[in-house]
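model this:
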Amino acid sequence: MEAVIQSIISGAPVLVLHLVTTFAILIAGMGVYMWITPYEDVRLVREGNTAAAVALGGAFLGLAIPLAGTLAGSVTALDILLWGILTVIVQLICFRVVDLVLRGLPRRIAAGELAAAILLASVKVSAGAIVATAVTR
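Residues are numbered from 1 along each chain as shown. Below is the predicted model of the structure:
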């Protein structure tokens, strides 16, 4: 039993560092995402815009899923940071690709068009799942 307690005590600082790094990337990545999008995500959600909530939720999941994979497979906080940056970039690319396909995506989401938001969220979560799998290989 003493070996288990010693293992927990010695591993706890690394666990905390990895968790803090992961959550910091999630928060910073979402901050960048919301800064880049040409509409005010949080304001729209507060006003009851379901499309904005779906799009923002998809962005959170699209970032969190690969970050969770990174957390599971990384040895250092630097691994988490580098993969986290890649994940943020992939999510921003997803937004631009869906915007090219649908034309006027920001306007559609701001107007509450749920179909566009569902497609965007689905692309983001799908890309996040693919990045998560790549990270854990």
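
alpha carbons only for contacts and neighbour counts from here, please
Noted.

so what secondary structure elements neighbour the helix ranked longest in the chain?
In the chain, assigned by DSSP state H, the helix with the most residues is helix 2-36. With contacts taken as 3 or more C-alpha pairs under 8 Å, 6 or more residues apart in numbering; DSSP states H and E, helix 2-36 sits against helix 50-73, helix 77-102.

and of those helices, who's closest to residue 113?
helix 50-73 (5.8 Å; C-alpha to C-alpha).

what is the mean pLDDT for that closest one?
Averaging pLDDT along helix 50-73 gives 93.

Which residues belonging to it are considered buried?
Across helix 50-73, burial judged by 16 or more other C-alpha atoms under 10 Å covers 50-71.

Restricting to C-alpha, output it in PDB.
Extracted C-alpha coordinates of helix 50-73, given in PDB (Å, rounded to 0.1, in the frame of the first residue of the first chain):
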ATOM      1  CA  THR A  50     -29.500  28.100 -30.700                       C
ATOM      2  CA  ALA A  51     -27.400  28.000 -33.800                       C
ATOM      3  CA  ALA A  52     -24.600  30.000 -32.100                       C
ATOM      4  CA  ALA A  53     -24.800  27.600 -29.100                       C
ATOM      5  CA  VAL A  54     -24.500  24.500 -31.400                       C
ATOM      6  CA  ALA A  55     -21.600  26.000 -33.200                       C
ATOM      7  CA  LEU A  56     -19.800  27.000 -30.000                       C
ATOM      8  CA  GLY A  57     -20.500  23.700 -28.400                       C
ATOM      9  CA  GLY A  58     -19.100  21.900 -31.500                       C
ATOM     10  CA  ALA A  59     -16.000  24.000 -31.200                       C
ATOM     11  CA  PHE A  60     -15.500  23.100 -27.600                       C
ATOM     12  CA  LEU A  61     -15.900  19.400 -28.300                       C
ATOM     13  CA  GLY A  62     -13.700  19.700 -31.400                       C
ATOM     14  CA  LEU A  63     -11.000  21.000 -29.200                       C
ATOM     15  CA  ALA A  64     -11.600  18.900 -26.100                       C
ATOM     16  CA  ILE A  65     -11.700  15.500 -27.800                       C
ATOM     17  CA  PRO A  66      -8.100  15.700 -29.300                       C
ATOM     18  CA  LEU A  67      -6.800  17.400 -26.200                       C
ATOM     19  CA  ALA A  68      -8.100  14.500 -24.100                       C
ATOM     20  CA  GLY A  69      -6.300  12.100 -26.500                       C
ATOM     21  CA  THR A  70      -3.200  14.200 -26.200                       C
ATOM     22  CA  LEU A  71      -3.500  14.100 -22.400                       C
ATOM     23  CA  ALA A  72      -3.800  10.300 -22.500                       C
ATOM     24  CA  GLY A  73      -0.900   9.800 -24.800                       C
END
